[in-house]
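**Q** generate coordinates for the sequence data below:
(2 chains)
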There are 2 protein chains.
Amino acid sequence: MFYFIGLGLADEKDITVKGLEIVQRAERVYLEAYTAILMVDQEKLEAFYGRPLILADREMVESSSDTILENAANVDIAFLVVGDPFGATTHTDLSLRARALNIPTRTVHNASILTGVSITGLSLYNFGQTTSMVFFTESWRPASFYDRLAENASLGLHSLVLLDIKVKEPDLDALARTGRVKYDPPRFMSCAQCVSQMLEIEESREQGVCKADKLVVGVARVGSENQIVVAGTLGEMRDVELGEPLHSVVLLGTRTYDLEREFLLEFAKNKESFNKAWEEGGYGKA
Amino acid sequence: MFYFIGLGLADEKDITVKGLEIVQRAERVYLEAYTAILMVDQEKLEAFYGRPLILADREMVESSSDTILENAANVDIAFLVVGDPFGATTHTDLSLRARALNIPTRTVHNASILTGVSITGLSLYNFGQTTSMVFFTESWRPASFYDRLAENASLGLHSLVLLDIKVKEPDLDALARTGRVKYDPPRFMSCAQCVSQMLEIEESREQGVCKADKLVVGVARVGSENQIVVAGTLGEMRDVELGEPLHSVVLLGTRTYDLEREFLLEFAKNKESFNKAWEEGGYGKA
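**A** The predicted structure follows:
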């Protein structure tokens, strides 16, 4: 059996009892480590699980799936994914490949940022589609996220924005210079950077979806003891430092309730400007 | 500390290691048992956790929250919720009440049907807002779900529909007859009943959102070993029996990928009519 096992959001103890039992008896245990990370390192996971982990980077999962699936029709193989295994990312390819090889699969679900974001007090019923934000480069500043945000906003719905992470990216300059593959240090997009990219695209699109007085909520390290929630206008949040990764951002929709306002106000960077933006932005007209 | 602890989707082993440790040391442990259920009963949970559980029905949570929160500033109290604690439902009231009483709270996240539905192979990025379907009665046949489905459909997005459950509902006839409170047996809406209510509202609204040839996916017992996924047109799914609860329904949006089609086809009640509905319904025009 090939098991997709969710690890949840924060640390080694977020695995479920069911997931842990499978990890402890599996023949091989892979750790998918390129779409999200926990707040503890591989050594800590290995110590707690009592098993060595095989790090599965994007290249391995995308081009060596048959190695990962090897013999899974006869023995148990565990493939660990941060969050819920098919949550923020999908491993549908791997799942279809297993199906083609007649390997039975099972999923052990776990917490995902898609529902973990409910710590903001925002009703998950009022979220539209989730979108993601990539690191802009000099030549690549994709604005398709803005269309998704605009669609949600047109219905008064909130948008969860998941932020880019870069792990084990080849350093192309070094490769060109030395002919050897070197990897950049891992990078995780901050709430502030996401907000500034939203404001930048607003300047060219001018539809008002990401105007500086729109309300957003930034969350960091959801599910850990030092998680943080900060609410404010896009203009304010451009400079707010939320610390260690992972961060996510919610662009608020107008379909909001008094209870949500009350809950969020506690997290406001500035209560006065939060209330002003709420009143003038037409929030709460659910 | 007052802990909101998610129990996940299926059975006693879906609790996280972190959650289990808190349950085992908490002074009192409540089990919220009116918004969703696991596939095992209270006795099995108590045996596995090694702790007695206090059943918290809707009345208790809504009108006796101070009893639940009692002394939580000094000792650990655990409040167990199926799924992710603030997922399909919200316990924001209880959370705000704790805040008012200066009781610190923490949430231990877990799997929710909102991401568990990814077992269908549908990308969670293409889901719009979640909606819910209540049991129609002779005099109460609320159609607001149709507006939510229409909004999502207008953007080509999928809709997850969460189905009503009725536990510990007072039998009003018996109360009127005998003056004593008697409770109806628990009821869980089936996929088939949800589909027939969708078709019924389509008849009066005629916007085409829930026409008989639209594609839906029914899921049952997600996260358990006998979970099931069946895809088909609304017309076909009206008669499909998915067995024991809980069921959920996804109304497919047109913003779908070839990979999703390939994945879903395996679950089709009838591959031929699935393909016909897909082609003629304009699905896959992502």
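**Q** pop the domain breakdown of chain A in here.
**A** Structural domains assigned to chain A are A:2-111, A:114-280, following automatic domain parsing.
**Q** can I get those domains in JSON lines including mean neighbour count and distance to B:Gly6?
**A** Quick note: C-beta positions are derived from backbone N, CA and C, even for glycine. Shown next, in JSON lines, are the domains of chain A (neighbours: other C-beta atoms under 10 Å in any protein chain shown; distance: least, C-beta to C-beta, whole Å):
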{"stretch": "domain A:2-111", "mean neighbour count": "19", "distance to B:Gly6": "7"}
{"stretch": "domain A:114-280", "mean neighbour count": "18", "distance to B:Gly6": "9"}
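**Q** so which of those is nearest B:Leu53?
**A** For the domains of chain A, distance to B:Leu53 was read as C-beta to C-beta. The smallest value, 16.6 Å, belongs to domain A:2-111.
**Q** and stretch A:260-276, end to end?
**A** For stretch A:260-276, the first-to-last residue distance is 16 Å (C-alpha to C-alpha, to the nearest Å).
**Q** check whether that stretch comes near chain B.
**A** Yes. Judged by C-beta under 8 Å from any C-beta of the partner chain, stretch A:260-276 and chain B are in contact via A:Glu260, A:Glu262, A:Phe263, A:Glu266.
**Q** so what's A:Ala10 scoring on pLDDT?
**A** A:Ala10 is assigned a predicted lDDT (pLDDT) of 96.
**Q** and if you look at the one 3 residues further on?
**A** Confidence per residue is given as pLDDT, and for A:Lys13 that number is 98.
**Q** before we move on, what about A:Ala88?
**A** pLDDT for A:Ala88: 64.
**Q** which of the domains of chain A sits closest to B:Asp184?
**A** Taking the domains of chain A one by one with C-beta to C-beta, domain A:114-280 is closest: 26.2 Å.
**Q** now the closest one, how far from the centre of its chain.
**A** A distance of 11 Å separates the centroid of the chain from that of domain A:114-280, by C-alpha atoms, centre = their mean, to the nearest Å.
**Q** how about stretch A:69-89?
**A** Here stretch A:69-89 is found 19 Å from its chain centre; the criterion is C-alpha atoms, centre = their mean.
**Q** about what we covered before: among the domains of chain A, which comes closest to B:Leu20?
**A** Among the domains of chain A, the nearest to B:Leu20 by C-beta to C-beta is domain A:2-111 (6.2 Å).
**Q** is the closest one in proximity to chain B?
**A** Yes. Domain A:2-111 reaches chain B (C-beta under 8 Å from any C-beta) through A:6, A:8-9, A:11-18, A:20-21, A:83-88, A:90, A:92-93, A:95-96, A:99, A:106-111.
**Q** any low-confidence regions in the stretch 1-150 of chain A?
**A** Low-confidence segments of the stretch 1-150 of chain A, defined by pLDDT under 70: A:88-90.
**Q** all strands of it, in order?
**A** Along the stretch 1-150 of chain A, the segments classed as strands by DSSP state E, counting those that start in this stretch run A:2-6, A:28-32, A:54-56, A:77-81, A:105-108, A:131-133.
**Q** for the third one, name the packing helices and strands.
**A** Going back to what we said before, that points to strand A:54-56. On a contact count with 3 or more C-beta pairs under 8 Å, 6 or more residues apart in numbering or on different chains; DSSP states H and E, strand A:54-56 meets strand A:28-32.
**Q** could you check how far A:Lys269 is from A:Glu280?
**A** According to C-beta to C-beta, to the nearest Å, A:Lys269 stands 17 Å off from A:Glu280.
**Q** could you list the alpha-carbon positions for stretch A:183-194 in PDB?
**A** Extracted C-alpha coordinates of stretch A:183-194, given in PDB (Å, rounded to 0.1, in the frame of the first residue of the first chain):
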ATOM      1  CA  TYR A 183      21.700  25.700  -4.700                       C
ATOM      2  CA  ASP A 184      20.400  29.000  -3.400                       C
ATOM      3  CA  PRO A 185      19.500  29.200   0.300                       C
ATOM      4  CA  PRO A 186      15.700  28.600   0.900                       C
ATOM      5  CA  ARG A 187      13.500  31.600   0.600                       C
ATOM      6  CA  PHE A 188      10.000  32.100   1.900                       C
ATOM      7  CA  MET A 189       7.800  34.900   0.900                       C
ATOM      8  CA  SER A 190       6.700  37.300   3.700                       C
ATOM      9  CA  CYS A 191       3.300  38.800   4.100                       C
ATOM     10  CA  ALA A 192       4.900  42.200   3.500                       C
ATOM     11  CA  GLN A 193       6.400  41.200   0.200                       C
ATOM     12  CA  CYS A 194       3.100  39.700  -0.900                       C
END
